[in-house]
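Novice: Next one to model:
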Amino acid sequence: MIRINLLGTQDAGGGSLAEPFGGGEGSEKKGIVLGIAILGIAVGAIAFLWLGSTREINQLDEEINELTQEKARLAPIIAQVEEFQAKLAELEEKERLIERLKNERQGPVRMLDALSAELPDFVWLTDLTQRGPQVTIDGMAASLVSVADYIRKLEDSEWFENVELVDASVSTRQEQEFTEFQLRTQLVTSSVTDPQSAGGAGAR
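Specialist: So this is what the prediction gives:
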């Protein structure tokens, strides 16, 4: 008859034969301690990162609050600057408008002064038409030579360019012969807008 001892026996050296693989309660405790240690390290790392993020968020909040306060403090000054800039732009626009109207008003006067200043002897103007830069001049002269002299003076003037004779005919008035003529020329725009041109034309 064979008997099996399920409670374990001790060998000659006093060791238990029921623990052949060397396990037991001590190994389980070591595993639990190691797991708790790893978990503690992970929790500490997470806490460290969380504290760092919280500190950074708080700093950003403080900077945002400071910027908000600075913006609120500068808001009236910015509004005044924008108002001054708007007024300055309005004044500049008015100044340009006044200057343009002034030039448009003085342009025909300067042109007439230039036409009169270039008139040779025995030449008279009877009509003047301006359409944009184009000017048509009607007049009378004692001879074609006087007309040619007038054309030459207009071409030398800084006020006019492309002077051409459109028509010329001889007529008799009070038993005297006169040459009726028509000229067409282009007005130099820079001469109209330049105040010094009027002085130069009048000095001729």
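Novice: partners of the top strand by length along the chain in the sheet?
Specialist: Taking DSSP state E as the criterion, the chain has its longest strand at strand 160-173. Here strand 160-173 has these sheet partners by DSSP bridges: strand 176-187 (antiparallel).
Novice: Need the CA coordinates for the partner strand. CSV is fine.
Specialist: Output of strand 176-187 as CSV, limited to C-alpha atoms (Å, rounded to 0.1, in the frame of the first residue of the first chain):
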residue,chain,number,x,y,z
GLN,A,176,-6.5,149.3,-95.0
GLU,A,177,-5.4,145.7,-95.4
PHE,A,178,-5.2,143.5,-92.3
THR,A,179,-4.3,139.8,-92.0
GLU,A,180,-6.8,137.9,-90.0
PHE,A,181,-5.4,134.7,-88.5
GLN,A,182,-6.1,131.8,-86.3
LEU,A,183,-3.6,129.9,-84.3
ARG,A,184,-3.8,126.6,-82.4
THR,A,185,-1.4,125.7,-79.6
GLN,A,186,-1.1,123.4,-76.6
LEU,A,187,-0.8,124.9,-73.1
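Novice: in it, what counts as buried?
Specialist: 178-183, 185, 187 (16 or more other CB atoms under 10 Å). Where C-beta positions appear, they are placed from N, C-alpha and C, glycine not excepted.
Novice: and stretch 121-132, what's its mean pLDDT?
Specialist: Mean pLDDT, stretch 121-132: 89.
Novice: from the middle of its chain, how far away would it be?
Specialist: Centroid displacement of stretch 121-132 relative to its chain, using CA atoms, centre = their mean, to the nearest Å, is 46 Å.
Novice: Stretch 45-57 too?
Specialist: For stretch 45-57, the distance to the chain centre is 46 Å (CA atoms, centre = their mean).
Novice: Name all residues that make contact with Thr126.
Specialist: By CB atoms under 8 Å, 6 or more residues apart in numbering, Thr126 lies in contact with 138-140.
Novice: Quick check: of those, which has the highest neighbour count?
Specialist: Gly139 (21 neighbours; other CB atoms under 10 Å).
Novice: out of everything not next to it in sequence, what's closest to that one?
Specialist: Of all residues not flanking Gly139 in the chain, Leu125 sits nearest, at 4.4 Å (CB to CB, 6 or more residues apart in numbering).
Novice: Any regions of the protein where pLDDT drops low?
Specialist: Low-confidence segments of the chain (pLDDT under 70): 1-25, 97-107, 189-204.
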